[in-house]
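J.: Model the following, please.
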Amino acid sequence: MADIPRSALSRTARLASLPLSAAGRATLGLGQRLAGRDRESVNSELQRRTAEQLFEVLGTLKGGAMKFGQALSIYEAAIPDEYAAPYREALTKLQNAAPAMPPATVHKIMAHQFGTGWRSRFAEFDDDAAAAASIGQVHRGIWHDGRPVAVKLQYPGADAALKSDMDQLFRVAPLLGMVIPGTEMKPLVAELRERILEELDYAREADNQRAFAAGYAGDEKYLVPRVVASAPKAIISEWVDGTSLNRIVAGGTREQRDRAGSLLTELHFAAPARVGLLHADPHPGNYLLTDDGRLAVIDFGSVARLPDGAPPIIGKVTRLALEGHADLVVEALRGEGFIPPGYHPDPELLMDYVVPFVEPLRHETFHFTRTWMQAQFARMSDFSSEESRVARHLNLPPSYLLIHRVTLGSVAVMCQLDTNAPFRDIVIEHLAGFHDPL
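T.: Numbering: from 1, shown residues only. Now for the predicted structure:
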């Protein structure tokens, strides 16, 4: 693999090449259609080529581009394998080849964050990184009281590089619509940018982790490592052993897949009421399944703050859709701003669009698969359908954008896991507003 581009000029050039290349392919596609090729085959080829280049560039850039690629990677479950494979391969290579900081740099950061006597707080500290990611790396250590700990350190200059990358990536948002059809990409990219930049604030992340650790202390199903010490660019927390969901996606047992899917579902729907926070980075690498069957969560850089819990309208509309009350679904969505003034959708067509999203709750157990999710995205991107025309007139109020993305991302992880479990009972028990009077 080529070296990871590090200079600002090189990184900007790689990102800037994306819209130019796409424009060239679009012009070529127009010429091919004029020459007699059918629209469907030409569009399919344009999508394939755009996906390959987009994923390759995101996968070989570090910092913000890689972080953005990780955030988007959950959507690969909705993309045909021939499009997503180049991206998965590039991201895997990058993660395996991420250059670690030399020990001298690590020691300098530790001294700056925790004082020159930082070593006295450890019984042991491993200079070699145990893991490396987009904006930091993790070291193993033994705290002075004997506890194994994870020491998460932010790369020097990560903040400036991340902000520069995200500004550039906003320019490629239109291309993502070609790769992830049926999704309004500009607001999604803007929201992702805000969440990703939040991850630079390790002090805030440590506070998020403390809140989750307190809310799930002693839980039989979940393990949230406690924060031992924190600083603006470093977090020391208890070490967690387990099987990463990345490994379970790649080759886990049926029992592991179903267990992980059930626990992820409950975490998503129960945490807002329990902690006042929603874990907003549903990436398989942020979760581990422990030997005793608990789900461990190890990254809290991105959260949604929901001090009053999840909005009850979500549960209310879900129940109305399940019970077939089309007129009441329209009324509830209009009241929350999902249906703009002056637009009067056919209630039955709106239900035809909404029902597949609640389909998993119609069954005692449901099997989430990539094929199922690809079918949903294909339906959303069929601009000739009546349901799609209705969907394009709907609004997504800003206050719901993050919740919508995280929910969609969680479903995508379930499809990656190929999980089959009693989701209906889990969701109905914890979904805010589901049991409210209609």
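
J.: Would you mind pulling up the elements that the longest strand seen in the chain packs against?
T.: Looking across the chain with DSSP state E, the single longest strand is strand 122-132. Applying 3 or more CB pairs under 8 Å, 6 or more residues apart in numbering; DSSP states H and E, one finds that strand 122-132 contacts helix 103-114, strand 136-143. For the C-beta atoms, the positions are set from N, CA and C on the backbone; glycine is no exception.

J.: by how many degrees do that strand and helix 103-114 diverge?
T.: Put simply, strand 122-132 runs at 120 degrees to helix 103-114, going by axes from the mean of the first three to the mean of the last three CA atoms, to 10 degrees.

J.: what's the spacing between strand 122-132 and its chain's center?
T.: With CA atoms, centre = their mean, to the nearest Å as the basis, strand 122-132 stands 28 Å off its chain's centre.

J.: Mean neighbour count, distance to P311 and mean pLDDT for the helices and strands packed on strand 122-132 - can I get that in CSV?
T.: Shown next, in CSV, are the helices and strands packed on strand 122-132 (neighbours: other CB atoms under 10 Å; distance: least, CB to CB, whole Å; pLDDT from 0 to 100):
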stretch, mean neighbour count, distance to P311, mean pLDDT
helix 103-114, 16, 38, 96
strand 136-143, 20, 33, 95
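
J.: quick revisit: quick check: neighbours of the longest strand of the chain in the sheet, parallel or antiparallel?
T.: strand 136-143 (antiparallel) (DSSP bridges).

J.: So what's the gap between the partner strand and the chain middle?
T.: 24 Å.

J.: still on that earlier bit, which stretch among the helices and strands packed on strand 122-132 comes nearest I339?
T.: Comparison of these against I339 by CB to CB identifies strand 136-143 as nearest, at 42.7 Å.

J.: helices and strands of this protein: which one has the lowest mean pLDDT?
T.: Least confident element among the helices and strands of the chain, by mean pLDDT, DSSP states H and E: helix 8-34 (a mean of 44).

J.: Using JSON lines, lay out the helices and strands packed on strand 122-132 together with distance to D327.
T.: Formatted as JSON lines, the helices and strands packed on strand 122-132 follow (distance: least, CB to CB, whole Å):
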{"stretch": "helix 103-114", "distance to D327": "58"}
{"stretch": "strand 136-143", "distance to D327": "51"}
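
J.: one step back: pull out the buried positions in the longest strand of the chain.
T.: The neighbour-count check on strand 122-132 (16 or more other CB atoms under 10 Å) flags 122, 125, 129, 131-132 as buried.

J.: who touches that strand?
T.: Strand 122-132 is contacted from outside by 95, 98-101, 103, 106-107, 119, 137-144, 146, 150-151, using CB atoms under 8 Å, 6 or more residues apart in numbering.

J.: could you pull out the helices for the stretch 151-300 of the chain?
T.: For the stretch 151-300 of the chain, helices defined by DSSP state H, counting those that start in this stretch occupy the ranges 158-169, 173-179, 185-198, 202-215, 245-251, 254-275.

J.: Those: lowest mean pLDDT?
T.: Least confident of the helices of the stretch 151-300 of the chain, judged by mean pLDDT, is helix 173-179 with a mean of 58.

J.: tally of neighbours for the residue nearest to G309 when sequence neighbours are not counted?
T.: Residue nearest to G309 in three dimensions, not counting chain neighbours: A273, with 4.2 Å by CB to CB, 6 or more residues apart in numbering. When counting by other CB atoms under 10 Å, one arrives at 15 neighbours for A273.

J.: that older thread, with distance to A234 and pLDDT as new columns, can the buried residues of strand 122-132 be given to me in JSON lines?
T.: As requested, the buried residues of strand 122-132 are arranged in JSON lines below (distance: CB to CB, whole Å; pLDDT from 0 to 100):
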{"residue": "F122", "distance to A234": "13", "pLDDT": "98"}
{"residue": "F125", "distance to A234": "12", "pLDDT": "98"}
{"residue": "A129", "distance to A234": "13", "pLDDT": "93"}
{"residue": "A131", "distance to A234": "15", "pLDDT": "86"}
{"residue": "A132", "distance to A234": "15", "pLDDT": "77"}
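
J.: Format these as JSON lines; extra columns: distance to Y222.
T.: Listed next are the buried residues of strand 122-132 as JSON lines, based on distance: CB to CB, whole Å:
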{"residue": "F122", "distance to Y222": "27"}
{"residue": "F125", "distance to Y222": "28"}
{"residue": "A129", "distance to Y222": "27"}
{"residue": "A131", "distance to Y222": "21"}
{"residue": "A132", "distance to Y222": "26"}
